[in-house]
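Colleague: Pasting the sequence and the predicted coordinates here, then a few questions.
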Amino acid sequence: MNVLHQVITAEPVDDKRVRVSFENGVQGLFDCSSYMTDRYWDSLNNPSIFHQVRVECGTLCWPNDIDIDPEEVWEFCTPQ
């Protein structure tokens, strides 16, 4: 059975990366730049929107109904 890791904190590091921590204590950096080329996530290219990152129900969220699944964040996060 796969364990689903939930994001518990998120802090923007610059205009493309978010420092995250998970419920199991693991911390890392998640690079959003590959998402920011897609039309759905395009508004994240605006630094004032990107820096509004928050956590809702274990998921990274931004204004305009933008979110990134915690499983993706876990898989592509660089441990710190």
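Modeller: Cool, got the structure.

Colleague: While we're on residue 1, how confident is the model there?
Modeller: Model confidence at residue 1, given as pLDDT, is 56.

Colleague: And the contacts of stretch 18-34?
Modeller: 5-13, 16-17, 41, 44, 50, 53, 58, 60, 68, 70, 73-74, 76-80 (C-beta atoms under 8 Å, 6 or more residues apart in numbering). (C-beta placed from N, C-alpha, C; glycine too.)

Colleague: Tell me which residues touch residue 79, please.
Modeller: Residue 79 neighbours (C-beta under 8 Å, 6+ apart): 26, 27, 28.

Colleague: swap that for residue 77, sorry
Modeller: Contacts of residue 77 by C-beta under 8 Å, 6+ apart are 20, 26, 28, 29, 30.

Colleague: that older thread, could the contacts of residue 79 be laid out in JSON lines, adding pLDDT and distance to residue 35?
Modeller: As requested, the contacts of residue 79 are exported to JSON lines (pLDDT from 0 to 100; distance: C-beta to C-beta, whole Å):
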{"residue": "26", "pLDDT": "96", "distance to residue 35": "21"}
{"residue": "27", "pLDDT": "97", "distance to residue 35": "20"}
{"residue": "28", "pLDDT": "97", "distance to residue 35": "16"}
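
Colleague: From the residues you listed, which land in strands?
Modeller: Using DSSP state E, the subset of the contacts of residue 79 located in strands is 27, 28.

Colleague: Closest one to residue 36 out of the contacts of residue 79, please.
Modeller: residue 28 (18.6 Å; C-beta to C-beta).

Colleague: how far away is the closest one from residue 17?
Modeller: 10 Å (C-beta to C-beta, to the nearest Å).
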